[in-house]
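**Student:** dropping the sequence and predicted coords here.
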Amino acid sequence: MIREMTSIIHSGRRRLIGRMRNMAIRHKLVSIIMLTCIVALVVAGSTFMHYQHLSTRKNLVKTLQTQAAMIATTCQAAITFDDAEDAEDILNAFQEQSSVVFACLSEAEGQILASYHRDDGIAPQEMAQIALEETHLFTRDYLMVSKPVMDRSNREILGFLSVWSDLTPIEAMFRRYMIAISMVIIMASLVAYLVSSKVQSIISDPILKLTHVVKTVSDQKEYSVRARKENDDELGVLIDAFNHMLMQIQARDMELVCSNERLEARVEKRTRELEMTVAELKRSNSELQNFTYITAHDLKAPLRAIGNLTDWISADYIHTFDDRGREHMELIKSRVSRMDELIDCILRYNEIGRGRRHIRTFDLNCLLSEALTAINPPEHITIEITSDLPTLTVERHRILQIFRNLIGNAIQFINRDQGRIRIACQDNGDTWEFSVSDNGPGIGTQYHEKIFKMFQTLTPRDELESTGIGLAVVKKIVELYGGKIWVASELGQGSTFHFTLSKALTCASQEDQEGCTEPVEKANLG
């Protein structure tokens, strides 16, 4: 039960504090002042009532003891001679005391000699108890005082006089006191409410004005407003600090606006410069591509004439050449053929990205099978496809160029009796990742970036015929389709070329999927 009451009190206190925390500042101040005044008045009234209660009881005991002592002195003869009538006459003196309701005179052994009842009433049950010692006792409604009757000659206790006084008038007086104090508390609380309602504005008005300024700043982002300082107290210090903060924010805001304007001007200027630079680069790049294309295309005619001339000379005069002459003639033919191939590679490289044509949907498994048939790898080299390949929608011949170059390079550089090439594909969500692995001699890490540049080879051209353009072509095609290419290799550990293709650029539906019967162009291994 006690725990439940304690829990209820704590819960009520928490609810009261919670409600006060969410009250307006002026109501909160009035409530605090009212609560303080009421608590102070209640404590003062309670203290006064408690003091009056103790003081009144003490005086009542003292008065009743004095009266009982005086009556006990006159009862000595009645107890000595066992005179009940005389004793009753003496006790009837209590009729003058309206508060005394019962009195009895008893011998030392406890036998009642005489008693007094106010208005001949019946004594309450607790009055039947006879005190055989000098004492006083408060019950709920009565005060009992017991005084001994002494033999003045030998100081012997002859008996005891017990007097019972009614406390009802005293309790009625205290109730009147309590009503009066309650009225005083109510009136004082009303006065405190009226006064606090006026006085609280000294604190609440500056706070409310500051709150209005804060709301204006927060809602309108207007940092030029200022709160007006009215006093030099803590609120005045707070308002000064707030105004100083607004001044700093306003200064920084203005500086930020100026900085943004300067930055926008610089960005606009830089953007114009970049646009001009990009336009110039596009123009230069276009001119360079056109020049490269025209140059390479124009070189084909004299080169074709040189090739035809060497063929005529070989056909008509080869029998007149000695071995050295025939060797030189074959060297000229090979150089012409190599130059023709190099020009073709440059033209193909230049064509990449200049408009997409012949976009088709095809099964990469079929394309790879046709590519391997066209490459016709040597018998000592095994080519294995370790995973299913996807269906793509792109320029078919571009993907064919990628695999022909990568597989062809792997075949060219494998120097083992048993060569092995593995082709795999992995779905990375937004991209397809392909890999072409071999067990060739490997590539040093210092060449991993170099090999993707134009005209870069790892072996002298006299030892191995290569244009040095194949991987550059592959890189350009891969980047055209939103991917990237890299190599993982170490000397003596083989090589793995990885490249990715964006699904967004290679999976758009254009036509129905092709079969596997389209003729394959002649492989160019670069």
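**Tutor:** Alright, I've got the coordinates. In this text, all values refer to a predicted model and were calculated from it rather than measured experimentally.
**Student:** please count neighbours and contacts with C-alpha atoms only from this point.
**Tutor:** Fine.
**Student:** pop out the phi and psi values for residue 424.
**Tutor:** Main-chain torsions, residue 424, degrees, to the nearest 10: phi -140, psi 160.
**Student:** mind splitting this structure into its structural domains?
**Tutor:** Listed by automatic domain parsing, the domain ranges of the chain are 4-195, 356-506.
**Student:** in terms of mean pLDDT, which of these ranks lowest?
**Tutor:** Here the lowest mean pLDDT among the domains of the chain goes to domain 4-195, at a mean of 81.
**Student:** determine how far that domain lies from the middle of the whole chain.
**Tutor:** 67 Å (C-alpha atoms, centre = their mean, to the nearest Å).
**Student:** and the domains of the chain as CSV, adding mean neighbour count?
**Tutor:** Putting the domains of the chain into CSV (neighbours: other C-alpha atoms under 10 Å) gives the following:
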stretch, mean neighbour count
domain 4-195, 16
domain 356-506, 17
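**Student:** residue 226: which of the ones you listed is closest?
**Tutor:** Shortest distance between residue 226 and the domains of the chain, using C-alpha to C-alpha, is found for domain 4-195: 21.2 Å.
**Student:** still on that earlier bit, got the domains of the chain as JSON lines, with distance to residue 254 columns?
**Tutor:** JSON lines is the format used below for the domains of the chain (distance: least, C-alpha to C-alpha, whole Å):
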{"stretch": "domain 4-195", "distance to residue 254": "35"}
{"stretch": "domain 356-506", "distance to residue 254": "44"}
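**Student:** of those domains, which is nearest residue 231?
**Tutor:** Nearest of those to residue 231, taken as C-alpha to C-alpha: domain 4-195 at 17.9 Å.
**Student:** which stretch among the domains of the chain comes nearest residue 322?
**Tutor:** Counting by C-alpha to C-alpha, residue 322 lies closest to domain 356-506 out of the domains of the chain; the figure is 23.4 Å.
**Student:** so which of the domains of the chain gets nearest residue 242?
**Tutor:** Across the domains of the chain, closest to residue 242 is domain 4-195 (C-alpha to C-alpha), at 19.1 Å.
**Student:** of all the domains of the chain, which one comes closest to residue 251?
**Tutor:** Nearest to residue 251 among these is domain 4-195 (32.0 Å), distances taken as C-alpha to C-alpha.
**Student:** so who does residue 388 touch?
**Tutor:** By C-alpha atoms under 8 Å, 6 or more residues apart in numbering, residue 388 lies in contact with 365, 424-425.
**Student:** verify the stated contact: residue 134 with residue 144.
**Tutor:** No - in this structure, residue 134 is not within contact of residue 144 by C-alpha atoms under 8 Å, at 10.6 Å.
**Student:** related to what we said a few turns ago, dump the contacts of residue 388 into TSV; add distance to residue 389 as well.
**Tutor:** Below are these laid out as TSV (distance: C-alpha to C-alpha, whole Å):
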residue	distance to residue 389
365	6
424	8
425	6
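**Student:** just the closest of these to residue 169, please.
**Tutor:** The closest of the contacts of residue 388 to residue 169 turns out to be residue 425 (C-alpha to C-alpha; 108.9 Å).
**Student:** quick check: beta-bridge partners of the closest one?
**Tutor:** Note on residue 425: beta-bridge partners residue 434, judged by DSSP bridges.
**Student:** tell me how far it lies from residue 67.
**Tutor:** Distance, residue 425 to residue 67, by C-alpha to C-alpha, to the nearest Å: 121 Å.
**Student:** equivalent analysis for residue 78, please.
**Tutor:** Residue 78 sits at a distance of 18 Å from residue 67 (criterion: C-alpha to C-alpha).
**Student:** and what of residue 199?
**Tutor:** 57 Å.
**Student:** can I get the CA coordinates of stretch 384-397 in CSV?
**Tutor:** Listed in CSV are the C-alpha atoms of stretch 384-397, where the atom choice follows Å, rounded to 0.1, in the frame of the first residue of the first chain:
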residue,chain,number,x,y,z
GLU,A,384,38.6,-23.1,-73.2
ILE,A,385,35.4,-21.1,-72.4
THR,A,386,34.8,-21.6,-68.7
SER,A,387,31.4,-19.8,-68.3
ASP,A,388,28.3,-19.0,-70.3
LEU,A,389,28.6,-15.8,-72.3
PRO,A,390,25.8,-13.2,-72.5
THR,A,391,23.7,-11.9,-75.4
LEU,A,392,24.8,-8.4,-76.4
THR,A,393,23.3,-5.7,-78.6
VAL,A,394,26.2,-3.8,-80.1
GLU,A,395,28.3,-3.4,-83.3
ARG,A,396,29.1,-7.1,-83.8
HIS,A,397,32.4,-6.5,-85.6
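**Student:** in the stretch 301-450 of the chain, which spans are helices?
**Tutor:** 323-351, 364-375, 396-413 (DSSP state H, counting those that start in this stretch).
**Student:** how about the CA coordinates for the shortest one, as PDB?
**Tutor:** Output for helix 364-375, consisting of C-alpha atoms alone and laid out as PDB, is shown next (Å, rounded to 0.1, in the frame of the first residue of the first chain):
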ATOM      1  CA  LEU A 364      28.500 -14.100 -77.700                       C
ATOM      2  CA  ASN A 365      29.000 -17.800 -77.600                       C
ATOM      3  CA  CYS A 366      28.300 -18.100 -81.300                       C
ATOM      4  CA  LEU A 367      30.500 -15.000 -82.100                       C
ATOM      5  CA  LEU A 368      33.400 -16.500 -80.100                       C
ATOM      6  CA  SER A 369      33.000 -19.900 -81.800                       C
ATOM      7  CA  GLU A 370      33.200 -18.200 -85.200                       C
ATOM      8  CA  ALA A 371      36.200 -16.100 -84.100                       C
ATOM      9  CA  LEU A 372      38.100 -19.200 -83.000                       C
ATOM     10  CA  THR A 373      37.300 -20.900 -86.400                       C
ATOM     11  CA  ALA A 374      38.700 -17.900 -88.200                       C
ATOM     12  CA  ILE A 375      41.800 -17.600 -86.100                       C
END
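**Student:** phi and psi next, for residue 163.
**Tutor:** The phi/psi pair for residue 163 (degrees, to the nearest 10) is phi -120, psi 130.
**Student:** which residue is the nearest non-sequential neighbour of it?
**Tutor:** residue 103 (4.3 Å; C-alpha to C-alpha, 6 or more residues apart in numbering).
**Student:** just say helix, strand or coil for the one you found.
**Tutor:** Residue 103 carries the three-state label strand when classified by DSSP: H, G, I helix; E, B strand; the rest coil.
**Student:** next up, the contacts around it.
**Tutor:** Contacts for residue 103 (C-alpha under 8 Å, 6+ apart) come out as 91, 115-117, 161-164.
**Student:** please redo it, this time with the cut-off set to 7 Å
**Tutor:** 91, 115-117, 162-164 (C-alpha atoms under 7 Å, 6 or more residues apart in numbering).
**Student:** and the spatially most central residue of the chain, what element?
**Tutor:** With distances taken as C-alpha atoms, centre = their mean, the residue of the chain nearest its centroid is residue 218 (23.4 Å). Assigned by DSSP states H and E, residue 218 belongs to helix 201-220.
**Student:** swap in residue 159?
**Tutor:** Element membership of residue 159 [criterion: DSSP H and E] is strand 156-166.
**Student:** do the same with residue 241
**Tutor:** For residue 241, the host element (DSSP H and E) is helix 234-317.
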